[in-house]
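**Q** My questions concern the predicted model and sequence given below.
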Amino acid sequence: MNEELSIYSLKGIFKEILRYKIGVFSLIIFAFFIVLIIYTIIAIPYDKTISLWNDSQAWLKYPRNAIPVWWGFFTGKNLPKNINLSNKGSLNLISQNPKKIELIYSFNYNYDDFPTEFNIFFKSQYKNEPPILRIFWEKPNKDKIFLLEHQLRSEESTLYLGNETSIEDKLIEYLKSKLEYYPPYSVTVVRGLFVDTSGNLNIEKGEYKLHIEVELKDKDDTITAEPIIYGKVHGIAGTDHLRRPLELALLWGTPIDLSFGLGAAISITLLHLILATISGWFGGKVDSLIQRLTEIYMVLPFLPLMIMISLFYKLTIWKLLFVLIFLSLFGSGVKTQRALVLQVKTLPYIEAAKAYGASNWRIVFLYIIPKILPPVIPNLIISIPAYVFLEAILSIFGVLDPTQPTWGRIIEDAFQNGALYKGYYYWVLEPSFLLILTAVSFALLGFVIDRIVNPRLKEI
């Protein structure tokens, strides 16, 4: 008897789990999730995450739809990363009156593919008129191309070179003069800046220079520039259509989704346990009422109801949790656990408790529920990923709060923006992998615990 009780202690259960390889594997996955959650909560405050995730201006210096760095290994190419030229520049004074300066940014480009964008972020201070810029591009073959003349519109201004059609025209003329025929492809600004004009039309590797001549109207006027050449790979998880790093949502999706699944599973299982025990113990009208309500709940279309309520009331994930608990209050678990109660109530120790005068509620909470709890725990554990998947499904349908960075929200954004059609597979695979890992870990742990609490399975 003491040996049996020791098995059902936390220490005993842990030892039993370690006896099975799949149990050890599930614990390793749980350890990974725990480390991930602790790191996320400490390193990335929740309020800051929500603010950044919903601020479209916070990520202007990140590449759009960039694949993860590790994904580049499968392509066999050295794909370009972001190149920030702000620390690679020098300043030359051309004249004092009028005040003219030249900003020169030099860098080596040795990647195997073209960049995606080229933007210059300016910060200036001026008294009367904004500075006038003249921008030149110098290629490794020492050709210097005049790109455009531009006057800043405000003290903080961004020049999107890729959107300037005048630059496209100049680059086309330059390529025609070099190739002596019209370029056989659509010339974008970025492609035209980095294309090799020796005949193969591939990347021209080597040292490039960006020259920015600035005319300042007053001697006290100042200007700084931050040129950024955007790459095709970024970070451990890549970026989305709004340039947001996906690791932010993947990290915070872990505590949010697992908290949702754990909260829903524990709350619903305990409520089912209490209702089933009350129904089976008291019987009569109480039993009849609970069973009829359970049958009504079982025939209700659960998922359509959840979608409809979420759509009408614009639920946050935490309000959804309360709605989920309410709609699952009288679920099929009540009937399953009631059958266990009917078996337990006939045992001798229950009759002994009634004989020494124990009250009904004492018998329910101290004698019956602890007895039927061990067989219920495996189902509780296995149900956790089901609720995590429910949140993902509702997010994919677009009926949950779009400001919450969850795994389901990442998948929904990916589908809305044609990620699979455009070849951004990482955008769908990363959150899907975490969802599958969650399902596998809880399923394996539930299976192991079921073998522990169910003596018949031990013999298999």
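**A** Nice, I can see it.

**Q** show me what contacts Pro80?
**A** 109, 111, 113-115, 229, 231-233 (C-beta atoms under 8 Å, 6 or more residues apart in numbering). For glycine as for every other residue, the C-beta is placed from the backbone atoms N, C-alpha and C.

**Q** and if we set it to 7 Å?
**A** 111, 113, 115, 231-232 (C-beta atoms under 7 Å, 6 or more residues apart in numbering).

**Q** right, and out of the residues you listed, which lies closest to Pro245?
**A** Gly231 (13.3 Å; C-beta to C-beta).

**Q** got the contact list for that closest one?
**A** Counting by C-beta under 7 Å, 6+ apart, Gly231 makes contact with 63, 66, 79-82, 115-116.

**Q** the domain parsing of this structure - what is it?
**A** Domain assignment of the chain by automatic domain parsing yields the ranges 2-53+244-458, 80-230.

**Q** List the buried residues in stretch 86-104.
**A** 89, 99-101, 103-104 (16 or more other C-beta atoms under 10 Å).

**Q** Tell me which two in these are the farthest apart.
**A** Within the buried residues of stretch 86-104, Gly89 and Lys99 form the most distant pair, 18.0 Å apart (C-beta to C-beta).

**Q** how about TSV for the contacts of Gly231, with distance to Leu242 added?
**A** TSV is the format used below for those (distance: C-beta to C-beta, whole Å):
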residue	distance to Leu242
Pro63	12
Ala66	12
Leu79	21
Pro80	20
Lys81	19
Asn82	16
Pro115	19
Thr116	15
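
**Q** May I ask which of the residues you listed has the most neighbours?
**A** Within the contacts of Gly231, Ala66 tops the neighbour count with 29 neighbours, counted by other C-beta atoms under 10 Å.

**Q** Near the closest residue to that one other than its chain neighbours, how many other residues are there?
**A** Computed as C-beta to C-beta, 6 or more residues apart in numbering, the closest residue to Ala66 that is not its neighbour in sequence is His234, at 3.8 Å. The burial count assigned to His234 is 23, neighbours taken as other C-beta under 10 Å.

**Q** How much space separates His234 from Ile67?
**A** 8 Å (C-beta to C-beta, to the nearest Å).

**Q** Kindly report the same for Tyr230.
**A** 13 Å.

**Q** Same list (the domains of the chain) but as CSV, adding distance to Phe74 and mean pLDDT.
**A** Shown next, in CSV, are the domains of the chain (distance: least, C-beta to C-beta, whole Å; pLDDT from 0 to 100):
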stretch, distance to Phe74, mean pLDDT
domain 2-53+244-458, 10, 85
domain 80-230, 14, 88
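
**Q** Please dump the ones you listed into a markdown table; it should also carry distance to Phe73 for every row.
**A** Compiled in a markdown table, these are given as follows (distance: least, C-beta to C-beta, whole Å):
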| stretch | distance to Phe73 |
| --- | --- |
| domain 2-53+244-458 | 12 |
| domain 80-230 | 13 |
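
**Q** So which residues of the stretch 51-200 of the chain form helices?
**A** Listed in chain order, the helices of the stretch 51-200 of the chain (DSSP state H, counting those that start in this stretch) span 165-179, 189-194.

**Q** nearest to Ile135, of these?
**A** So among those, helix 165-179 is nearest, using C-beta to C-beta, at 8.6 Å.

**Q** Which neighbouring elements make contact with the closest one?
**A** For helix 165-179, the packing partners by 3 or more C-beta pairs under 7 Å, 6 or more residues apart in numbering; DSSP states H and E come out as strand 144-151, helix 189-194.

**Q** how about the ones you listed, which one is nearest Asp220?
**A** strand 144-151 (18.4 Å).

**Q** Now do the buried residues in that closest one.
**A** Buried-residue list, strand 144-151, by 16+ other C-beta under 10 Å: 145, 147, 150.

**Q** roughly how far apart are the second one and Glu117?
**A** This means Leu147. In terms of C-beta to C-beta, Leu147 sits 15 Å off from Glu117.

**Q** Which parts of stretch 247-259 count as buried, going by neighbours?
**A** 247-258.

**Q** what would the helices and strands packed on helix 165-179 look like in TSV with distance to Ile268?
**A** TSV is the format used below for the helices and strands packed on helix 165-179 (distance: least, C-beta to C-beta, whole Å):
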stretch	distance to Ile268
strand 144-151	61
helix 189-194	53
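
**Q** now for the ones you listed, which one comes closest to Lys209?
**A** So among the helices and strands packed on helix 165-179, strand 144-151 is nearest, using C-beta to C-beta, at 8.3 Å.

**Q** Report the angle between the closest one and helix 165-179.
**A** 170 degrees (axes from the mean of the first three to the mean of the last three C-alpha atoms, to 10 degrees).
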